[in-house]
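Asker: Next come a sequence and a model predicted from it.
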Amino acid sequence: MKKQKVTKAVFPVAGLGTRFLPATKSIPKEIMTLVDRPLIQYAIDEARAAGIKEFIFVTSRGKSALEDYFDHSPELESTLKRAGKTELLDVLRDTNMDSGAIAYVRQNRPQGLGHAVWCARRLIGNEPFAVLLPDDVIAAEKPCLQQMVEAYEQTGGNMVAAMEVPPAKASSYGVLDIGEDMGAIVRAKGMVEKPKADEAPSNLAVIGRYILSPKVLTNLNQLKQGAGGEIQLTDAIAEEAASGKVFGFRFRGQRYDCGSKAGFLQATVAFGLARPDLNVEFGAYLNDMIALQRAAQ
């Protein structure tokens, strides 16, 4: 049977971003810029490259700047056009979303990632869908979700992006219990959310990219509380593992946790050095800083 294409994606962006206060007092964390693009733009571009056509944002109060970001800005576009700044005009137009392509739904209470995805159930319908967490920014030659969509065409079911982590850090992730290791793809016989280091079934951790079947939404309808007293997406996916329909995918690329200050700074350095218009000047500055540090030791 031909597998249904993945054309819808959910972006859970209802979090308060408390780790980035006071900046997030007035702007959503997802609008914070990595070099010169907001975090959310990286996620949107990755989804577009994977063939996503419908974008569903799960938001909360105080996120109006996020909605405005994807709207047209006629005055700014006219100003750039009059000034002949065609390159900037093209950059600006890449941020616009067509009418009807983007939808917003509110999560009125913070009850976990599973609950956020469940809030989008009526917009998802009975179709496979992707979930992208904008905090996870992935530098890859081929975008991570595009890699997953290609792998999903072989497996169907549910697929999560996964990477090896040190055992001591397993308690910060959902972790796969591996049933069959096929290289880039593993079949999972279970998933555990934030296990203790000595109880983790493997060191293969789930990060913020998912392709899920509508059955996961059915599981979420039970609204069971899991780790941390929240409704965990991991638990709803794990219920499908017994049928052999949960797969982990070892993506090719470097993941940055931009939900933490250290991760955000690391990503800024990496993406800055990758830019042809910045790498010479920025690289020279970093070399000077390293030389000063060594001289001070």
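Answerer: Received the coordinates, thanks.
Asker: List the buried residues for the host helix or strand of N219?
Answerer: Here N219 sits within helix 214-220, counting by DSSP states H and E. In terms of neighbour count (16 or more other Cβ atoms under 10 Å), helix 214-220 has its buried residues at K215, V216, L217, N219, L220. (Each C-beta comes from the backbone N, C-alpha and C, glycine too.)
Asker: do stretch 110-124 as well
Answerer: Residues 111-121, 123-124 are the ones in stretch 110-124 that count as buried (16+ other Cβ under 10 Å).
Asker: Now tabulate those in TSV and tack on secondary structure and pLDDT.
Answerer: Listed next are those as TSV, based on DSSP: H, G, I helix; E, B strand; the rest coil; pLDDT from 0 to 100:
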residue	secondary structure	pLDDT
Q111	coil	81
G112	coil	85
L113	helix	90
G114	helix	90
H115	helix	92
A116	helix	93
V117	helix	93
W118	helix	92
C119	helix	92
A120	coil	93
R121	helix	92
L123	helix	93
I124	helix	94
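Asker: For these, please prepare JSON lines with the additional fields distance to R275.
Answerer: Listed next are the buried residues of stretch 110-124 as JSON lines, based on distance: Cβ to Cβ, whole Å:
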{"residue": "Q111", "distance to R275": "39"}
{"residue": "G112", "distance to R275": "36"}
{"residue": "L113", "distance to R275": "32"}
{"residue": "G114", "distance to R275": "37"}
{"residue": "H115", "distance to R275": "37"}
{"residue": "A116", "distance to R275": "32"}
{"residue": "V117", "distance to R275": "33"}
{"residue": "W118", "distance to R275": "38"}
{"residue": "C119", "distance to R275": "36"}
{"residue": "A120", "distance to R275": "34"}
{"residue": "R121", "distance to R275": "39"}
{"residue": "L123", "distance to R275": "35"}
{"residue": "I124", "distance to R275": "36"}
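Asker: Thought P201 was touching G190, still the case?
Answerer: Yes: G190 is in contact with P201 according to Cβ atoms under 8 Å; the separation is 6.8 Å.
Asker: any common contacting residues for those two?
Answerer: L176, D177 (Cβ atoms under 8 Å, 6 or more residues apart in numbering).
Asker: Tell me the strands beside the host helix or strand of G208, with direction?
Answerer: G208 is part of strand 204-212, with elements assigned from DSSP H and E. Sheet pairing for strand 204-212, assigned by DSSP bridges, gives strand 129-132 (antiparallel), strand 158-164 (antiparallel), strand 174-181 (antiparallel).
Asker: Any idea how far that strand is from the middle of the chain?
Answerer: Strand 204-212 has its C-alpha centroid displaced from the chain centroid by 9 Å (Cα atoms, centre = their mean, to the nearest Å).
Asker: Show me the helices in the stretch 151-297 of the chain, by range?
Answerer: Along the stretch 151-297 of the chain, the segments classed as helices by DSSP state H, counting those that start in this stretch run 214-220, 233-238, 261-273, 279-296.
Asker: ok, now the stretch 1-150 of the chain?
Answerer: Under DSSP H, counting those that start in this stretch, the stretch 1-150 of the chain gives helices at 39-49, 64-69, 74-82, 86-93, 113-119, 121-124, 144-155.
Asker: and of these, who's closest to D277?
Answerer: Closest to D277 of the helices of the stretch 1-150 of the chain is helix 86-93 (Cβ to Cβ; 11.4 Å).
Asker: could you check the angle helix 74-82 makes with the closest one?
Answerer: 160 degrees (axes from the mean of the first three to the mean of the last three Cα atoms, to 10 degrees).
Asker: what are the C-alpha coordinates of helix 86-93, in CSV please?
Answerer: Provided in CSV are the C-alpha atoms of helix 86-93 (Å, rounded to 0.1, in the frame of the first residue of the first chain):
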residue,chain,number,x,y,z
THR,A,86,16.5,43.7,-4.1
GLU,A,87,18.6,41.2,-2.1
LEU,A,88,17.1,42.3,1.2
LEU,A,89,13.7,42.3,-0.5
ASP,A,90,14.2,38.6,-1.5
VAL,A,91,15.3,37.8,2.1
LEU,A,92,12.2,39.4,3.5
ARG,A,93,9.9,37.6,1.1
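Asker: Give me the contacts around that helix.
Answerer: Contact with helix 86-93 is made by S73, L76, E77, L80, K81, as judged by Cβ under 8 Å, 6+ apart.
Asker: In JSON lines, list those along with pLDDT and neighbour count.
Answerer: Output for those, formatted as JSON lines (pLDDT from 0 to 100; neighbours: other Cβ atoms under 10 Å):
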{"residue": "S73", "pLDDT": "80", "neighbour count": "15"}
{"residue": "L76", "pLDDT": "84", "neighbour count": "12"}
{"residue": "E77", "pLDDT": "83", "neighbour count": "15"}
{"residue": "L80", "pLDDT": "84", "neighbour count": "19"}
{"residue": "K81", "pLDDT": "85", "neighbour count": "12"}
